[in-house]
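> Curious how this folds, go ahead:
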Amino acid sequence: LLCEYSCFHICSIYHFSGVVKITKVDGGLEGTYLPDGDFKAAKRKLSWIASVAENTPCVLTEFDNLIIKEKLEEDDKFEDNINPDTLATSDAIGDAGLKALKENDIIQLERRGYYRVDRPYVNETKPLILYMIPDGKAKAMSGLKGKLAHR
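Have a look, this model is predicted:
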């Protein structure tokens, strides 16, 4: 996903159907077009969004377990098992359609997971705030991991 590579510029766009194998990341993203490539077999999928004024600034919020052990034993001290890292946020940019979301709407962000709208988009200084909904799976929906362990 492009989130892993920070920011880059696309210099040319060609109409094609197939797969692009990423050949270089450092100093700029480069790839080779594979017209007979199998999209479903590709290890990583590239998602992108055009840079337009209508895009929606978002804050993706993740929560982790409050307790670091699955089950506290009788002799365990509660205080010794508190997870110090239970909240993480990531700034993101979504398309203009996200501005129509209302509080408590549930959406799926492609290759990221399901989120609940905590605060709808208000303006540039009050972005859309989304809370990740845990799906109970140990493996993430994509190769892109969140900031927390989600034990």
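
> What separation do you get for the residue nearest the centre of the chain and Asp135?
The residue lying closest to the centre of the chain (CA atoms, centre = their mean) is Arg112, at 4.3 Å. Note on Arg112: its distance to Asp135, by CB to CB, to the nearest Å, is 11 Å. Glycine gets a C-beta too; all of them are placed from N, C-alpha and C.

> what's the answer for Ile49, then?
Counting by CB to CB - Ile49 and Asp135 are separated by 23 Å.

> cool, Ala88 as well?
To Asp135, Ala88 is 17 Å away according to CB to CB.

> again with Tyr121
Distance, Tyr121 to Asp135, by CB to CB: 25 Å.

> just checking, the residue nearest to the centre of the chain touches Glu62?
No: counting by CB atoms under 8 Å, Arg112 does not reach Glu62; the two are 10.4 Å apart.

> where does the closest residue to Lys126 other than its chain neighbours fall, phi/psi-wise?
Distances taken as CB to CB, 6 or more residues apart in numbering place Arg119 nearest to Lys126, at 7.2 Å, with adjacent residues excluded. Dihedral angles of Arg119 (phi, psi; degrees, to the nearest 10) stand at phi -140, psi 120.

> Kindly report the same for Glu74.
Note on Glu74: its backbone torsions stand at phi -60, psi -40 [degrees, to the nearest 10].

> Tell me the predicted confidence for it.
Looking at Glu74, its pLDDT reads 90.

> Tell me how many other residues crowd it.
By the criterion of other CB atoms under 10 Å, Glu74 has 4 neighbours.

> again, but for Ala96
Quick note: Ala96 (other CB under 10 Å) scores 13 neighbours.

> measure the residue nearest to the centre of the chain to Gly94 for me?
Taken as CB to CB, the span from Arg112 to Gly94 is 11 Å.

> Please, where are all the helices along the chain?
Assigned by DSSP state H, the chain shows no helices.

> low pLDDT regions in it?
Regions of the chain meeting the criterion pLDDT under 70 cover residues 1-20, 44-47, 136-151.

> let's see it at 50
Low-confidence segments of the chain, defined by pLDDT under 50: 1-9, 141-143.

> between Tyr121 and Asp135, which one's more packed in?
Tyr121 (19 against 12).

> Report the separation between that one and Gln108.
Distance from Tyr121 to Gln108, counting by CB to CB: 18 Å.

> Quickly note the distance from the residue lying closest to Thr86 once chain neighbours are set aside to Lys77.
Nearest non-adjacent residue to Thr86, counting by CB to CB, 6+ apart: Asp64, 4.7 Å away. From Asp64 across to Lys77, the span is 20 Å (CB to CB).
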